[in-house]
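Undergrad: Compute the structure for the input listed below.
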Amino acid sequence: MTGVRRVVVVGDLEVTRVLCALLTGAEVDVVHLLAPDEEELRAALDDAVDAVAVLVRGDLRALRYVLLAEHLAPGVSVVVTVFDRTMARRLAAVVPRCVVTSPADVAAPAVVAACLGADVHAVRTGPDGPRALVRREGAVVEDPWPVRAPTVLERAARWVPHRHGAGSGLFPVGLLGLALTLALEWALGVVVLHEGVVEALRAAAGLVATVGFVEGGSDAVPGWYLVTSAVLMLAGIAFTGALVAGLVEWVVGARTVAVAGPRSLPRRDHVVVSGLGQVGLRVAQLLRELGIGVVVLERDAQGANLALARASRLPVVVGDAAHRALLRRVGLSRARAVAALGSDDLDNVAVAIGALAEAPGVRAVLRAGEGAAVRETTSLFRIGAVVDVAALTAGWVCSCVLGDEPLVAWTEPGVVGVLTGAGERRRATPARCDCAYTPRGI
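TA: Residues are numbered from 1 along each chain as shown. Reported below is the predicted structural model:
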């Protein structure tokens, strides 16, 4: 750890206030600016400053503060939280001595570990594969995390069409109906009309496609067969319509769940993630990297991360995760955990309560950090494991500001821990600071 004496902290979020308290506890002189304008930031940087930490809401606002700090104090060490990875890479490339991180990347390893229910603090991936952070003999160490490859039957099961409710069920219904219609007409052609196997298949395909009909006069063909063929032709029209409607909904619909393939719903031992924000997306991606099935529930049909989820081949169902019917549709009773990772703490509590009502044995993980609602509720009702994203991010940024190289962060009751290149750092989780609010803003 280097001799850091004075740090400027910018922001008025819960994570910023926790960071201010952590640095103050580490005997660092902290200048906390809640919403400074250029003149206030200039005045704070006029004196000798070892580092600037920017933790504000909005990537563009964070970018402006970082560029302003670099302009006012060239070469100063800057630590900033930015969600957008493209912006993060560019910011780190153009601003010297700038460390860019994301609360989603910091929190995901701890959230995944809580979802798996294993006796580990965090699970992360690296050049040597997945690693699990465990406590053994009074110290935190990393062990290889086994990734179980899917069996041949599990791989094949992904391509078996199955419905998961709503309009997506039209595709498998139409496909199965057409297959049964074809098989029945084929069998009738062979048994009743005594056609060859190939000729009967051709005639059945023409009937299903509504471009063919049985040939011959009424004396050669039984009347009941003509009626049956007519009914099957009408059924083929209905099933074809269902098949086309299901395909259209699959391609252009808001949801990104496929009826078959990598984006189909997992059958069992999966994790249900509620909320497709930055944290939910990163957790789902990390679960997929570990070979664990995952399905994401997103309330907003126009969510900004739906395209990223599709590109990552993540199954997403649009709907309110607090509704038990939706949880039933995604197989919560067969899941290993449900992770409520929305931005609103009370919404996460509602999701966890609904999940436990639908599947009492499921493991519930809640995101916290924006208020005391989750901590108070879980202490009363013991709903599930709580992951304090604010404390995790504050602990990570604190280690960066003090000159460490953090690798992964985790929380324990009353403690935030960070594994760094120099070893384990453990700090008591402080109460948020009570620095006064500044009405002017940048």
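
Undergrad: For the chain, give me the ranges with low pLDDT.
TA: 1-3, 118, 137-138, 147-171, 210-220, 246-247, 249-263, 369-381, 437-442 (pLDDT under 70).

Undergrad: Please repeat the previous calculation with a cut-off of 50.
TA: 1, 166-167, 216-218, 254, 380, 438-442 (pLDDT under 50).

Undergrad: Domains in it, by residue range?
TA: Following automatic domain parsing, the chain resolves into domains at 6-101+394-403, 107-153+257-368, 165-252.

Undergrad: Run the chain-centre distance for the last one.
TA: Going back to what we said before, that points to domain 165-252. 42 Å (CA atoms, centre = their mean, to the nearest Å).

Undergrad: What segments of the stretch 51-200 of the chain are helices?
TA: 59-72, 85-94, 103-116, 152-157, 170-191, 197-208 (DSSP state H, counting those that start in this stretch).

Undergrad: got those helices as TSV, with mean neighbour count and distance to residue 431 columns?
TA: Just so you know, the C-beta spots here come from the backbone N, C-alpha and C atoms, and that holds for glycine as well. Below are the helices of the stretch 51-200 of the chain laid out as TSV (neighbours: other CB atoms under 10 Å; distance: least, CB to CB, whole Å):
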stretch	mean neighbour count	distance to residue 431
helix 59-72	18	25
helix 85-94	15	30
helix 103-116	26	20
helix 152-157	10	48
helix 170-191	18	53
helix 197-208	17	70
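
Undergrad: Tell me which of the ones you listed sits nearest to residue 342.
TA: helix 103-116 (12.7 Å; CB to CB).

Undergrad: list the helices and strands the closest one packs on?
TA: Using 3 or more CB pairs under 8 Å, 6 or more residues apart in numbering; DSSP states H and E, the elements in contact with helix 103-116 are strand 122-124, strand 131-136, helix 278-289, strand 337-340, strand 363-368, strand 385-388, helix 389-401, strand 406-412.

Undergrad: Buried deepest among those, which one?
TA: Highest mean neighbour count of the helices and strands packed on helix 103-116: strand 337-340, a mean of 30 (counted as mean count of other CB atoms under 10 Å).

Undergrad: Name the next helix or strand downstream of it, please.
TA: helix 345-358 (DSSP states H and E).

Undergrad: when you compare where that next one runs with where strand 363-368 runs, what's the angle?
TA: On the basis of axes from the mean of the first three to the mean of the last three CA atoms, to 10 degrees, helix 345-358 is oriented at 170 degrees to strand 363-368.

Undergrad: thinking again about what came up before, make CSV from the domains of the chain and add distance to residue 426 to it.
TA: Formatted as CSV, the domains of the chain follow (distance: least, CB to CB, whole Å):
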stretch, distance to residue 426
domain 6-101+394-403, 9
domain 107-153+257-368, 9
domain 165-252, 46
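
Undergrad: of all these, which lies closest to residue 382?
TA: domain 107-153+257-368 (9.9 Å).

Undergrad: ok so, going back, out of the helices of the stretch 51-200 of the chain, flag the one nearest residue 345.
TA: helix 103-116 (14.1 Å).

Undergrad: contacts for the closest one?
TA: 15, 81, 83, 120-124, 132-133, 271, 277-279, 281-283, 285-287, 290, 292, 336-337, 339, 341, 363, 365, 367, 385, 387, 389, 392-393, 396, 408-411 (CB atoms under 8 Å, 6 or more residues apart in numbering).

Undergrad: Does anything pack onto the top helix by length along the chain? Which helices or strands?
TA: In the chain, assigned by DSSP state H, the helix with the most residues is helix 223-252. Counting contacts by 3+ CB pairs under 8 Å, 6+ apart, helix 223-252 is packed against helix 170-191, helix 197-208.

Undergrad: To residue 309, which of those lies closest?
TA: If we rank the helices and strands packed on helix 223-252 by CB to CB, the stretch that ends up nearest is helix 170-191, at 19.8 Å.

Undergrad: so what does that closest one touch, helix or strand wise?
TA: helix 197-208, helix 223-252.

Undergrad: before we move on, back to that, of the domains of the chain, which is nearest residue 424?
TA: Taking the domains of the chain one by one with CB to CB, domain 107-153+257-368 is closest: 4.8 Å.

Undergrad: Output the helices and strands packed on helix 223-252 in CSV, with distance to residue 91 appended to each entry.
TA: Putting the helices and strands packed on helix 223-252 into CSV (distance: least, CB to CB, whole Å) gives the following:
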stretch, distance to residue 91
helix 170-191, 43
helix 197-208, 58
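
Undergrad: how far away is residue 357 from residue 323?
TA: 11 Å (CB to CB, to the nearest Å).

Undergrad: of the two, who's got more company?
TA: Legend: neighbour count by other CB atoms under 10 Å for residue 357 and residue 323, higher for residue 323 (15 against 10).

Undergrad: so what's the residue nearest to residue 92 when sequence neighbours are not counted up against?
TA: In space, residue 92 comes closest to residue 100 once its chain neighbours are excluded; the distance is 4.8 Å by CB to CB, 6 or more residues apart in numbering. Residue 100 makes contact with 80-82, 88-89, 91-92, according to CB under 8 Å, 6+ apart.

Undergrad: Identify the bridge partners of residue 100.
TA: residue 80 (DSSP bridges).

Undergrad: quick one: it from residue 309, how far?
TA: 23 Å.

Undergrad: Check residue 358 too.
TA: On the measure of CB to CB, residue 358 and residue 309 end up 23 Å apart.

Undergrad: Please say which of the two ends up with more neighbours.
TA: residue 309 (21 against 17).

Undergrad: if I pick the more buried one, what's in contact with it?
TA: Contact analysis of residue 309 by CB under 8 Å, 6+ apart lists 256, 276, 281, 284, 296, 316.
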